[in-house]
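Asker: Coordinates for the following, if possible.
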Amino acid sequence: MQTLYDIPAPAKLNLFLHITGRRPDGYHLLQSVFMLIDWCDTLHFELRQDGAISREDLTITLPADDLIVRAARALQLAGHCTKGAHIGIGKSIPAQAGLGGGSSDAASTLLALNRLWGLDLPLVALSRIGLSLGADVPFFLGGRHAWVEGIGEVIRPIELPDARFVVVKPDAGLETRLIFSDPELKRDSEPVILSGFAADAFANFLKVGRNDMQVVAQKLCPGVTQALDWLKSQGLSGRMTGSGSSVFAQLQHSAGPVAGVDVAAAPDFFQVKVCSSLKAHPLLGWAAGNGLSVDGV
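Answerer: All right, here's what the predicted structure looks like:
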């Protein structure tokens, strides 16, 4: 039996997230820097010759028609593929956390099945499929830290220095649509110029950037404020990632397992994880054209 086991799907952090406007169709225009981190889901793929797509939930129960299944079916259609797959998914990245877990799962599914089924579709083709599933999917397919603009479809790989973070996820999650529909959401941030963002400005940018969704998220989800307050009690300056509800703070590099934060002291209703940035996505190179700009796919 042909198989691909232990396929990683890493999370991301939004180092900042500014909303610079809104299109006539209602979509919000964003600017952000996405950083890949080593908090990963794990997927397993077994080839099926009958064309069926089946999924086995190894940790938590997922919706029947989640992004993994939808990605597999979309790839079948695009690649005119008669093969199928049985997919096992071990979830570690929490849902509704702003960490991109679902989109990352979809991207790793596209990359793995493209290989398992022998389709050999290039990155650009996979990214078109990915964009139809969710705005963050092409970023994970691209495989590198990125400057992201538009509604999430303009992706430019950038270099960032290594970093360590503590990420805190409160019990409650947040639905993105609730934040975007809130009348108090700030939608007029001044655009930032990419040329002004350089690797040596990384630490400073964490201080001056912000997440425009955070104020609304704190109103909708008290757990966001509680998590930020806990980071503050540890002497850390926190920020929400994506549309929440997870928050994060940068740690100083240390030879020890944890520096600057007492994870054991976190309340039981928090999920706390110390993470490191990745050099690149573990599946970088699995599709021809990886590392290219995915501008306007």
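
Asker: Might you report the residue contacts of residue 230?
Answerer: Applying Cβ atoms under 8 Å, 6 or more residues apart in numbering, we find residue 230 in contact with 168, 266-267, 270. For every residue, glycine as well, the C-beta is placed using N, CA and C.

Asker: average pLDDT for the helix or strand encompassing it?
Answerer: In this structure, residue 230 is located in helix 222-233 according to DSSP states H and E. Mean per-residue pLDDT for helix 222-233: 96.

Asker: quick one: the host helix or strand of residue 15 to chain centroid distance?
Answerer: Assigned by DSSP H and E, residue 15 belongs to strand 3-22. Distance of strand 3-22 from its chain centroid, counting by Cα atoms, centre = their mean, to the nearest Å, is 2 Å.

Asker: Against which helices or strands is the following helix or strand past that strand packed?
Answerer: Where DSSP H and E defines the elements, the next helix or strand beyond strand 3-22 is strand 28-48. Counting contacts by 3 or more Cβ pairs under 8 Å, 6 or more residues apart in numbering; DSSP states H and E, strand 28-48 is packed against strand 3-22, strand 84-90, helix 101-116, strand 146-150, strand 164-170, strand 270-276.

Asker: Tell me how this protein divides into domains.
Answerer: Following automatic domain parsing, the chain resolves into domains at 3-157, 164-276.

Asker: so which of the ones you listed comes closest to residue 288?
Answerer: Proximity to residue 288 (Cβ to Cβ) singles out domain 3-157 among these, at 4.5 Å.

Asker: Regarding the closest one, how distant is the last residue from the first?
Answerer: 31 Å (Cα to Cα, to the nearest Å).

Asker: avg pLDDT for that domain?
Answerer: Averaging pLDDT along domain 3-157 gives 96.

Asker: what do you get for stretch 276-294?
Answerer: In this model, stretch 276-294 has a mean pLDDT of 81.

Asker: please renumber so the chain begins at 43
Answerer: Understood, numbering begins at 43; the last thing we discussed is stretch 318-336.

Asker: follow-up on the earlier one: any buried residues in the strand holding residue 57, and which?
Answerer: Using 16 or more other Cβ atoms under 10 Å as the test for burial, strand 45-64 gives 46, 49-62.

Asker: mind checking which of the domains of the chain is nearest residue 327?
Answerer: Residue 327 lies closest to domain 45-199 among the domains of the chain, at 7.6 Å (Cβ to Cβ).

Asker: Could I get the CA-only coordinates of stretch 77-94 as CSV?
Answerer: Extracted in CSV, the C-alpha atoms of stretch 77-94 (Å, rounded to 0.1, in the frame of the first residue of the first chain):
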residue,chain,number,x,y,z
MET,A,77,5.9,33.7,10.3
LEU,A,78,5.9,29.9,10.3
ILE,A,79,6.3,28.3,13.7
ASP,A,80,6.9,24.7,14.9
TRP,A,81,3.5,24.1,16.3
CYS,A,82,2.2,21.4,13.9
ASP,A,83,-0.7,19.2,13.1
THR,A,84,0.3,15.7,11.7
LEU,A,85,-1.4,14.0,8.7
HIS,A,86,-1.1,10.5,7.3
PHE,A,87,-2.2,9.5,3.7
GLU,A,88,-2.9,6.1,2.3
LEU,A,89,-3.7,5.6,-1.4
ARG,A,90,-7.1,4.3,-2.3
GLN,A,91,-7.7,3.0,-5.8
ASP,A,92,-11.5,3.4,-5.7
GLY,A,93,-11.4,7.2,-5.9
ALA,A,94,-13.0,7.7,-2.4
